[in-house]
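In: Any chance you can model this:
(one chain, ligands or ions: 1)
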Amino acid sequence: MRERILITLKMGNKKKLVVLTGAGISAESGFSTFRDSGGLWEQYSVERVASHEGWLEDPEFVNEFYNKLRGQLVAASPNKAHTILAQLEKDWDVTVITQNVDDLHERAGSSKVIHLHGELMKVCSSRDVEDPRCIVALDEHHLTVAPGQLAADGSLLRPYIVFFGEAVPKLQEAAEAVEQADVFVVIGSSLVVYPAAGLVHYAPPQAQCFLIDPKEVSIPSGRSFEVIQDIASKGMEKLSLRLQNLL
Ligand code: APR
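Out: Modelled structure (predicted):
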């Protein structure tokens with residue numbers, strides 16, 4: 001009993017590590033990044049497959065696109081960056097805020113993941129995206145939405161994705177997490193898509209901030225970030241060494 005209380009206290013005292021991830025963290029998993037990747041994304045315009053107007057114009061085309069993308073996702077695996085991030089939960093209270101719609105953080109073992117832009121492996125109502133009764137998780141044996149397939153509320157089934165032009169329901173929850181950060185890290189995001197990029201402003205002044213990206217990224221707030229200019233896997237190896245000094 002005595003040991004148990006001590007362990008509980010220790011877990012409660014873990015410092016908070018909040019990590020904002022973007023497409024770059026999934027690049028080494030072979031899951032195409034949005035802007036500079038090649039692959040499936042380059043054959044389709046963002047307006048057609050990732051905007052609210054695009055969905056209204058041709059839902060069948062949009063569903064077909066995400067059906068294909070799910071096929072790519074189940075063939076991909078988490079990479080070292082996802083794995084190291086999940087392992088940091090041993091010493092840190094980690095919250096991952098991801099702009100990615102893939103499930104690679106979860107598959108690597110991260111337990112607290114906020115998906116700002118939705119989840120590829122889920123589908124939902126097109127009348128009310130957040131209606132929990134209509135959100136259905138797909139799996140590797142059921143990857144596709146058929147033309148005309150309906151959600152439980154009778155509306156067309158659609159990808160559980162936040163399209164451009166739609167509200168970002170998880171933004172408040174994400175901002176509150178960033179406000180609590182002892183250490184805040186950005187990995188593999190160009191920080192050009194808002195409101196996600198604006199989360200940087202919520203990091204408390206005393207929080208230590210890191211950015212991992214092989215390219216130069218312009219940081220919106222003018223805050224001081226320690227930049228690890230490297231790909232995500234190598235960058236995470238370096239970061240986990242740095243974090244040992246901050247425990
Ligand atoms: N490791 C780390 N970062 C990488 C790697 C890598 N191996 N390869 C590329 N990057 C970096 C790029 O240099 C770039 O800065 O990842 C970043 C990817 O930027 P974007 O493609 O703009 O992705 P992201 O910031 O996640 O975009 C935000 O916009 O495309 C929409 O809704 C989509 O969620 C996405 C949002």
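
In: Report the central residue of the protein.
Out: Centroid-nearest residue in the chain, with CA atoms, centre = their mean: T98, separated by 2.0 Å.

In: Report the beta-bridge partners for the closest residue to it other than its chain neighbours.
Out: Nearest in space to T98, with sequence neighbours left out and distances taken as CB to CB, 6 or more residues apart in numbering, is T21 at 4.5 Å. Yep, even glycine has a C-beta here, placed from its N, CA and C like the rest. With DSSP bridges as the criterion, T21 is bridged to T98, I187.

In: I'd say T21 and G188 touch.
Out: Yes - using CB atoms under 8 Å, T21 is in contact with G188, at 6.1 Å.

In: what residue ranges in this protein are flagged as low confidence?
Out: For the chain, the stretches flagged by pLDDT under 70 are 1-12, 32-41.

In: following the lengthiest strand in it, which helix or strand shows up next?
Out: As assigned by DSSP state E, the longest strand anywhere in the chain is strand 118-125. Later in the chain than strand 118-125, the nearest helix or strand by DSSP states H and E is strand 136-137.

In: Would the helix or strand following that following strand count as contacting the ligand?
Out: Once the chain leaves strand 136-137, the next helix or strand it forms, by DSSP H and E, is strand 157-161. No - with CB under 6 Å from any ligand atom as the measure, strand 157-161 is seen stopping short of the ligand, the closest distance being 8.4 Å.

In: in strand 157-161, what's buried?
Out: By neighbour count on 16 or more other CB atoms under 10 Å, the buried set for strand 157-161 is 157-161.

In: I appreciate the help and will end here.
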